[in-house]
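Q: quick one, structure for this:
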Amino acid sequence: MYLAYNNSWLVSGNSALAWYVPSALPAFTMRLLYTPGVVPISSTNGMSFTRVSTEPNIWDMTYLTNSWWNPFDTARCSEGIHVIAVLEANTTGVTSMPDLFYTTHNLRSVSWFDTSSVTDMYAMFRGCRYIKEVPLFDTHNVTNMDEMFRECESLETVPLFDTSNVGTRPLIPDSMSEMFYGCTHLTSVPLFDTSNVQSMNNMFSGCVNLTEIPLFNTSRVKNLGGMCYNCRSIRSVPLLDTSSCLWMPGIFQNCINVETGAYNLYVQASTQSRVPDDYQDAFASCGINSVSGAAELSQIPSSWGGTAP
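A: Numbering: from 1, shown residues only. Predicted coordinates for the structure are as follows:
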């Protein structure tokens with residue numbers, strides 16, 4: 001599928017634009033492709049736009065700060081909604097990118113850029129509904145990936161990011177909560193390092209085409225609430241470590257095609273030394289479309305969302 005851009009063609013996934021040749025950019029600068037005729041204007045100190053070409057409509061955004069928090073918000077600049085592609089960027093030295101592309105809802109393509117110093121990627125691509133894939137960014141320093149791809153409904157695959165430091169910031173409950181919430185075209189995810197993560201609530205909620213949940217290390221996770229809510233394509237429930245879990249309401253609720261695994265997870269969680277405080281509807285409607293899944297559900301008490309008395 002292609003998106004017409006006057007006399008050029010832009011791949012509507014995330015492949016690099018074939019006609020674009022990268023060049024050296026000044027520090028703290030991102031080169032952006034806008035829809036034709038758009039003129040972005042900054043209203044923030046330290047941010048400026050420089051026209052690169054009229055056809056295609058390319059601009060350099062320079063933002064002289066190491067915290068690139070929501071730079072396309074309408075309070076900072078105009079026309080973020082009309083950004084089509086990130087062609088290249090010099091982001092060496094940027095340490096924070098929360099909400100980086102939030103409000104750029106028509107973004108189609110993102111090139112790789114330096115994220116080696118970044119610690120916060122909260123909601124970095126939230127609402128980027130046309131993004132199908134992203135590059136393998138350097139995430140070895142990132143501690144927070146909450147909502148990173150929330151509502152990226154066209155996202156199909158993600159690379160194996162280094163997530164070894166997610167959750168390690170002292171006194172801050174950084175996590176992977178809602179990381180892929182509403183990613184309705186996502187079919188698989190890699191086995192991320194989650195050994196330090198403390199919250200995965202709603203991590204895959206609404207990922208209706210996700211076919212498998214890897215056996216993540218959840219030994220430190222306290223909140224698993226809604227983790228896989230409405231993941232209708234998964235066939236098995238992994239035996240996640242629930243030893244630290246305090247909340248798991250709706251963890252596999254509405255996973256209607258599950259065939260196995262729900263009962264084993266229930267037994268583990270309900271008999272451990274500290275039973276979670278909240279497990280309401282943990283397995284409600286889980287497996288109701290399969291014979292074996294329904295049989296397991298009949299062994300789980302209603303207080304956990306099962307159909308047993």
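Q: mind listing the strands for the stretch 51-200 of the chain?
A: Along the stretch 51-200 of the chain, the stretches classed as strands by DSSP state E, counting those that start in this stretch are 58-63, 83-90, 109-110.
Q: save those as a markdown table, and put in mean pLDDT too.
A: A markdown table is the format used below for the strands of the stretch 51-200 of the chain (pLDDT from 0 to 100):
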| stretch | mean pLDDT |
| --- | --- |
| strand 58-63 | 96 |
| strand 83-90 | 95 |
| strand 109-110 | 94 |
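Q: would you turn these into CSV with distance to residue 137 and mean neighbour count?
A: Every C-beta, even on glycine, is put in place using the N, C-alpha and C of the backbone. What follows is those, written out as CSV (distance: least, Cβ to Cβ, whole Å; neighbours: other Cβ atoms under 10 Å):
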stretch, distance to residue 137, mean neighbour count
strand 58-63, 18, 20
strand 83-90, 11, 23
strand 109-110, 9, 23
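Q: of those strands, which approaches residue 220 most closely?
A: Smallest distance to residue 220 across those (Cβ to Cβ): 31.0 Å, for strand 109-110.
Q: skip ahead from that closest one and say which helix or strand is next.
A: Helices and strands here follow DSSP states H and E; after strand 109-110, the next one along the chain is helix 262-271.
Q: buried residues in that following helix?
A: The neighbour-count check on helix 262-271 (16 or more other Cβ atoms under 10 Å) flags 262, 263, 265, 266, 269, 270 as buried.
Q: follow-up on the earlier one: to residue 153, which of the strands of the stretch 51-200 of the chain lies closest?
A: Ranking the strands of the stretch 51-200 of the chain by proximity to residue 153 (Cβ to Cβ) places strand 109-110 first, at 16.0 Å.
Q: what's the distance between the residue positioned nearest the centre of the chain and residue 106?
A: Closest to where the C-alpha atoms of the chain average out (Cα atoms, centre = their mean) is residue 149, at 2.4 Å. Using Cβ to Cβ, to the nearest Å, one obtains 16 Å as the distance from residue 149 to residue 106.
Q: partners of residue 109 in the sheet?
A: Beta bridges link residue 109 to residue 85 when assigned by DSSP bridges.
Q: that one reaches residue 85, doesn't it?
A: Yes - between residue 109 and residue 85 there is a contact under Cβ atoms under 8 Å: 4.0 Å.
Q: pLDDT weak spots in the stretch 151-300 of the chain?
A: Within the stretch 151-300 of the chain, the set of residues satisfying pLDDT under 70 comprises 171.
Q: what is the distance between stretch 203-213 and the centre of its chain?
A: Distance of stretch 203-213 from the chain centroid (Cα atoms, centre = their mean, to the nearest Å) equals 12 Å.
Q: next, format the buried residues of helix 262-271 as TSV and append distance to residue 203.
A: TSV is the format used below for these (distance: Cβ to Cβ, whole Å):
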residue	distance to residue 203
262	18
263	22
265	16
266	20
269	17
270	22
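Q: what's the closest of these to residue 296?
A: So of the buried residues of helix 262-271, ranked by how close each gets to residue 296 (Cβ to Cβ), first place is residue 263, at 4.0 Å.
Q: tell me the secondary structure at the spatially closest residue to the closest one that is not a sequence neighbour.
A: Nearest residue to residue 263, sequence neighbours excluded (Cβ to Cβ, 6 or more residues apart in numbering): residue 296, at 4.0 Å. Under the three-state scheme (DSSP: H, G, I helix; E, B strand; the rest coil), residue 296 adopts helix.
Q: list the residues that contact the closest residue to residue 169 other than its chain neighbours.
A: Distances taken as Cβ to Cβ, 6+ apart place residue 143 nearest to residue 169, at 4.3 Å, with adjacent residues excluded. Remark: with contacts taken as Cβ atoms under 8 Å, 6 or more residues apart in numbering, residue 143 is in contact with 119, 120, 165, 166, 167, 168, 169, 172, 174.
Q: please repeat the previous calculation with a cut-off of 10 Å.
A: The contact partners of residue 143, by Cβ atoms under 10 Å, 6 or more residues apart in numbering, come to 118-122, 163, 165-170, 172, 174-175, 196.
Q: check it and give its pLDDT.
A: Here the pLDDT value assigned to residue 143 is 96.
Q: for residue 251, see how far away it is.
A: Residue 143 is 24 Å from residue 251, by Cβ to Cβ.
Q: how much space separates residue 51 from residue 60?
A: For residue 51, the distance to residue 60 - Cβ to Cβ - is 8 Å.
Q: let's have the strands of the stretch 51-200 of the chain in JSON lines, adding distance to residue 220.
A: Output for these, formatted as JSON lines (distance: least, Cβ to Cβ, whole Å):
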{"stretch": "strand 58-63", "distance to residue 220": "35"}
{"stretch": "strand 83-90", "distance to residue 220": "34"}
{"stretch": "strand 109-110", "distance to residue 220": "31"}
